[in-house]
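# Could you look at this predicted model? Sequence included:
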Amino acid sequence: MVSRTLGTRMPIKVKFFASLREQMSNPATEVDSNAVKTVADVWEKATPKPMPPHVLCSVNLEHAEPSQAVNDGDEVAFFPPITGG
Amino acid sequence: MVSRTLGTRMPIKVKFFASLREQMSNPATEVDSNAVKTVADVWEKATPKPMPPHVLCSVNLEHAEPSQAVNDGDEVAFFPPITGG
Amino acid sequence: MPIAIEPQSFNPSEAQAQFEASLVKGSYGASANFIGTMRDFNEGDDVVAMELEHYPGMTEKELHAIINDAKSRWDIIDALIVHRVGKIDTGEPIVLTVVCSAHRAAAFDACRFLMEALKSRAPFWKKETLSDGSQRWVEKNTPG
Amino acid sequence: MPIAIEPQSFNPSEAQAQFEASLVKGSYGASANFIGTMRDFNEGDDVVAMELEHYPGMTEKELHAIINDAKSRWDIIDALIVHRVGKIDTGEPIVLTVVCSAHRAAAFDACRFLMEALKSRAPFWKKETLSDGSQRWVEKNTPG
């Protein structure tokens, strides 16, 4: 707890891709790391829209579950099912 | 029987390929169709060597078994296992 | 270049030749590839153009991870993945996967694995433009 | 040219490009190929050269039959088989199989089928020259 209040805190970066990005109106690009514990919390802080089913998540460029914990300075992304190849 | 003796009879052409061809000394390139009934008979007429195991046979450019019947003018070939590709 | 994200149209055979030139000649007997090309139809509709979005940074990381997974699962010499992004016209290549190995089974298996893995793990998204001018995001990949 | 027997060294990407130019652009989304190349080793020995014999007439007939079998088993647009014969040097291509289809599963499956089928049915035989100058016929193909 001491380190959280004394250290320099970095916000969590938030990104949306493809159809999700288009569906958002002005989603937050950063959220306060103090206000969130998990990937799902990040979504709730970033947008008033409910998280649709089948949304994929990543933390620091790795696939992640909505329940995964997030930390200062993390990059969290949300995107629809992958359709490349 | 009448047609066999009256018609113009064509010999059976015989071919050997790859290692089989190299192992032969002067194999027959034709055998009399009157003297043979099957692919295996053609081998026996063409060379005194016994047919090795795993020899493949063809009649008129189609894979065949040694027991297959042969006729006037057929082309019969013998070759070792296939190693292309 | 074991992976490449191409913002412009690319030539699969040149990419493959460049990749194979980096391998020792005579060391591999088998090379399997797959090329995905933009079709002029999907889900029964005429498609005239496509836009491919990706997640810079994560996409590259996933493609490298997929190649490493293939190398750990099969006895292969090396593998290449090239993927287009941006605006794509009908008939243009979208993706190329190549695997070189000593024997053919590993090349076939690993090449197919690369395609299935990238279609489920590598963040790319397709948006189609139909012949009536409307646009739609492709919602899911076809099973392989 | 759905099949070709090549007495001289051939360029697989040129052969594939020529083949694909004969197909309607945009009609296929998937193209799988396999290239078999002459390795500098086999069964633990150094191989410096190879000679490939075939049965003119029967070989072509079998290759056509193999492509027709693939077409009857999978929903593919077309397929190509090119096979070298004669004297072959290390690193030169021996065989190319290509399958174009609307969807990738058929391309992968049919391309692999072409290779397995030609290795068991199409009359070709390899004779290797080893580094000590000795020659030997390859006795059987490796399982795929």
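Great, that's in hand. Residues are numbered from 1 along each chain as shown, chains lettered A, B, ... in the order given.
# If we ignore the residues flanking it in sequence, what's nearest residue C:6?
Nearest residue to residue C:6, sequence neighbours excluded (CB to CB, 6 or more residues apart in numbering or on different chains): residue C:84, at 5.1 Å. Every residue, glycine included, has its C-beta placed from N, CA and C.
# For residue C:79, what is the enclosing helix or strand?
strand C:76-84 (DSSP states H and E).
# rewinding a little: does the residue nearest to residue C:6 really touch residue C:94, like I thought?
Yes - counting by CB atoms under 8 Å, residue C:94 is a contact partner of residue C:84 at 5.1 Å.
# Spit out the residues that contact these two alike.
Shared contacts of residue C:84 and residue C:94 (CB atoms under 8 Å, 6 or more residues apart in numbering or on different chains): residue C:52.
# Low-confidence ranges, the chain, go.
Unless you meant another one, I'm taking chain A. For chain A, the stretches flagged by pLDDT under 70 are A:1-7.
# that's the other chain; I wanted chain C
For chain C, the stretches flagged by pLDDT under 70 are C:1.
# what are the ranges of the strands in it?
Listed in chain order, the strands of chain C (DSSP state E) span residues C:3-6, C:30-37, C:41-42, C:45-54, C:76-84, C:86-89, C:93-101, C:124-130, C:135-137.
# mind checking the longest helix of the chain?
Using chain A. Longest among the helix segments of chain A by residue count, using DSSP state H, is helix A:39-46.
# Can you look at chain C instead?
Longest helix in chain C by number of residues (criterion: DSSP H): helix C:104-121.
# quick one on the thing from earlier: next one: the strand holding residue C:79 to chain centre, how far?
Distance, stretch centre to chain centre, for strand C:76-84: 8 Å (CA atoms, centre = their mean, to the nearest Å).
# for stretch A:45-53, same thing?
10 Å.
# Same question for stretch C:11-23.
Taking mean C-alpha positions (CA atoms, centre = their mean), stretch C:11-23 and its chain are 14 Å apart.
# For the residue nearest to residue A:37 when sequence neighbours are not counted, name its beta-bridge partners.
Excluding the flanking residues, the one nearest residue A:37 by CB to CB, 6+ apart is residue A:69, at 6.1 Å. When assigned by DSSP bridges, residue A:69 has beta-bridge partners residue A:38.
# that older thread, between the longest helix of chain C and strand C:76-84, how many degrees?
40 degrees (axes from the mean of the first three to the mean of the last three CA atoms, to 10 degrees).
# how about helix C:104-121, does it reach chain A?
Yes - part of helix C:104-121 sits near chain A under the criterion CB under 8 Å from any CB of the partner chain, namely C:115, C:118-121.
# Equivalent analysis for stretch C:56-64, please.
Yes - residues of stretch C:56-64 contacting chain A under CB under 8 Å from any CB: C:57-58, C:61.
# quick one on the thing from earlier: can you list contacts of the helix or strand just after the longest helix of chain A?
Following helix A:39-46 in sequence order, the next helix or strand is strand A:56-59 (DSSP H and E). Contact with strand A:56-59 is made by A:39, A:63-66, A:68, A:70, A:74-82, C:55, C:58, C:123, as judged by CB under 8 Å, 6+ apart.
# Now do residue A:35: how many residues are near it, please.
Residue A:35 has 12 neighbours, counted by other CB atoms under 10 Å in any protein chain shown.
# What distance do you get for it to residue C:124?
For residue A:35, the distance to residue C:124 equals 32 Å [CB to CB, to the nearest Å].
# Of all the residues in chain A, which one is nearest chain D?
Going by CB to the nearest CB, chain D is nearest to residue A:85 of chain A, at 8.1 Å.
# re earlier: just checking, what packs against the longest helix of chain A?
Applying 3 or more CB pairs under 8 Å, 6 or more residues apart in numbering or on different chains; DSSP states H and E, we find helix A:39-46 packed against strand A:12-16, strand A:30-31, strand A:75-79.
# Most tightly packed of those strands?
Compared across the helices and strands packed on helix A:39-46, strand A:75-79 shows the largest average neighbour count, a mean of 22 (mean count of other CB atoms under 10 Å in any protein chain shown).
# what's the angle between it and helix A:39-46?
Using the same axes, to 10 degrees: strand A:75-79 against helix A:39-46 is 80 degrees.
# what angle sits between strand A:75-79 and strand C:124-130?
40 degrees.
# Please identify the pairing partners of strand A:75-79 and their relative orientation?
strand A:12-16 (parallel), strand A:56-59 (antiparallel).
# Check chain A for the residue nearest chain C and tell me.
residue A:84 (2.5 Å).
# gap between that residue and residue C:124?
According to CB to CB, residue A:84 stands 3 Å off from residue C:124.
# same deal with residue C:115?
To residue C:124, residue C:115 is 12 Å away according to CB to CB.
# ok, which residues in chain C are in contact with chain B?
Residues of chain C lying near chain B (CB under 8 Å from any CB): none found.
# How about the residues of chain C by chain D?
Counting by CB under 8 Å from any CB, chain C sits next to chain D at C:13, C:16-17, C:25-41, C:90-91, C:102-105, C:107-108, C:111-112, C:115, C:142-144.
# before we move on, back to that, between residue C:115 and residue C:124, what contacts are shared?
Common neighbours of residue C:115 and residue C:124 (CB under 8 Å, 6+ apart) are residue A:85.
# Neighbour count for these two, which is higher?
Ranked by neighbour count (other CB under 10 Å), residue C:115 and residue C:124 place residue C:124 first, with 27 against 23.
# Hmm, residue C:142 is touching residue D:102, no?
No - between residue C:142 and residue D:102 there is no contact under CB under 8 Å: 9.7 Å.
# Let me see the contact set for the closest residue to chain B within chain C.
Using CB to the nearest CB, residue C:104 is the residue of chain C that sits closest to chain B, at 8.1 Å. By CB under 8 Å, 6+ apart, residue C:104 lies in contact with C:29-30, C:32, D:34, D:36, D:115, D:144.
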